[in-house]
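Undergrad: Got a predicted structure plus its sequence, pasted below:
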Amino acid sequence: MHLLTVEHGLKFRYTVVPGEWDDDGITVSSLSLPAGAGIADAAGNPAIMVLNNVGNTAGVLVDGVAPQVTGVSVPAAGTYALGQTLSFTVFFDETVVVQTAGGTPVLPLEIGAASADAAYVSGTGTNAITFE
């Protein structure tokens, strides 16, 4: 048996993986060890694995599900002249935050044979972001 001696406490870490989701708070259960492993004090007394005084986990939420585009609103049909603005809104299945530290997002367009980018205008903190 592999035995771990503990003086003050153990720290456990878990990394959220894609697809995990819990919107009402995680649950923490008792410690679990693989066969042949153990936890004991310096005198060799095995630890009791029941967790006491577990903090409130109701506010520990998990969102490992990537937001998905649910639709795109395009400008009304018609002919647009020089100086007119084309506005596009991209809708997501949840609230999104636009991060601009590495640059501002754009929506690539093809206008005839030319490529152009509609620039991000607004929408962070909502489920709809607008490009013009």
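TA: Now that the structure is in, tell me what you want to look at. Numbers count the residues shown, from 1 in each chain.
Undergrad: these two touch, right, residue 19 and residue 62?
TA: No. Using C-beta atoms under 8 Å, residue 19 makes no contact with residue 62, being 10.2 Å away. The C-beta positions use only the backbone N, C-alpha and C, and glycine is treated the same way.
Undergrad: Give me the more crowded residue out of these two.
TA: residue 62 (14 against 8; other C-beta atoms under 10 Å).
Undergrad: Give me the nearest residue to the more buried one, chain neighbours excluded.
TA: residue 22 (4.4 Å; C-beta to C-beta, 6 or more residues apart in numbering).
Undergrad: Pull the number of nearby residues for that neighbour.
TA: 14.
Undergrad: any idea how far it is from residue 48?
TA: To residue 48, residue 22 is 28 Å away according to C-beta to C-beta, to the nearest Å.
Undergrad: how far away is the residue nearest to residue 62 from residue 106?
TA: Residue 22 is 34 Å from residue 106, by C-beta to C-beta.
Undergrad: In contact with the residue found closest to residue 88 once you drop the neighbours it is linked to in the chain, which residues?
TA: Using C-beta to C-beta, 6+ apart and skipping residues adjacent in sequence, the residue nearest residue 88 is residue 131, 4.7 Å away. Listed by C-beta atoms under 8 Å, 6 or more residues apart in numbering, the contact set of residue 131 reads 87, 88, 89, 90, 105, 106, 107, 118, 119, 120, 121.
Undergrad: repeat that for 7 Å
TA: Taking C-beta atoms under 7 Å, 6 or more residues apart in numbering, we find residue 131 in contact with 88, 107, 118, 119, 120, 121.
Undergrad: ok, now how distant is it from residue 123?
TA: The value you get for residue 131 to residue 123, if C-beta to C-beta is used, is 9 Å.
Undergrad: Nothing else from me, thank you.
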